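**Q** from the sequence below, what's the structure:
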Amino acid sequence: HEFWLQRPNANRHLTFSHGIHYCMGANLARLEAETMLGAIFDRAAGLEPGATPARRQTGGSLNYGWARLPLRLRAA
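**A** Numbers count the residues shown, from 1 in each chain. Next up is the predicted model:
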């Protein structure tokens, strides 16, 4: 019954989960992220790769995507 961010398995989560355990706030969180990213990208001329290499996420069949994807915004 604790929210402990420093727990050893903090990176092993199911994001918004699925089935009866699906997060009720998932759609709102996605809408907020889409709105925020849209506002940022509207003010930039484009994206460039970052200084460090990208790395794919590992460790589970339900989690996929990027563990690290460094990008830089090009000034408008």
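
**Q** what's stretch 23-33 in contact with?
**A** Residues from elsewhere that reach stretch 23-33 (CB atoms under 8 Å, 6 or more residues apart in numbering): Phe16, Ser17. C-beta: built from backbone N, CA, C; applies to glycine.

**Q** okay, that stretch in PDB with CA atoms only?
**A** In PDB, the C-alpha atoms belonging to stretch 23-33 read as follows (Å, rounded to 0.1, in the frame of the first residue of the first chain):
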ATOM      1  CA  CYS A  23      -6.600   2.000 -16.400                       C
ATOM      2  CA  MET A  24      -9.700   4.200 -16.400                       C
ATOM      3  CA  GLY A  25      -7.600   7.300 -17.000                       C
ATOM      4  CA  ALA A  26      -5.700   5.800 -20.000                       C
ATOM      5  CA  ASN A  27      -7.600   7.700 -22.700                       C
ATOM      6  CA  LEU A  28      -7.200  11.000 -20.800                       C
ATOM      7  CA  ALA A  29      -3.500  10.400 -20.300                       C
ATOM      8  CA  ARG A  30      -3.100   9.700 -24.100                       C
ATOM      9  CA  LEU A  31      -5.100  12.800 -25.000                       C
ATOM     10  CA  GLU A  32      -3.000  15.000 -22.700                       C
ATOM     11  CA  ALA A  33       0.200  13.600 -24.100                       C
END
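
**Q** how about Ala44, phi and psi?
**A** phi -110, psi 160 (degrees, to the nearest 10).

**Q** for the chain, which spans come out with low pLDDT?
**A** 13-14, 60, 62-63 (pLDDT under 70).

**Q** run the last query once more with 90
**A** 1-23, 56-67, 75-76 (pLDDT under 90).

**Q** need the helices for this structure, in chain order.
**A** With DSSP state H as the criterion, the chain has helices at 26-42.

**Q** all strands of this protein, in order?
**A** 44-49, 55-56, 66-68, 71-75 (DSSP state E).

**Q** for the last one, the distance to its chain's centre please.
**A** Relative to the centre of its chain, strand 71-75 is centred 18 Å away, using CA atoms, centre = their mean, to the nearest Å.
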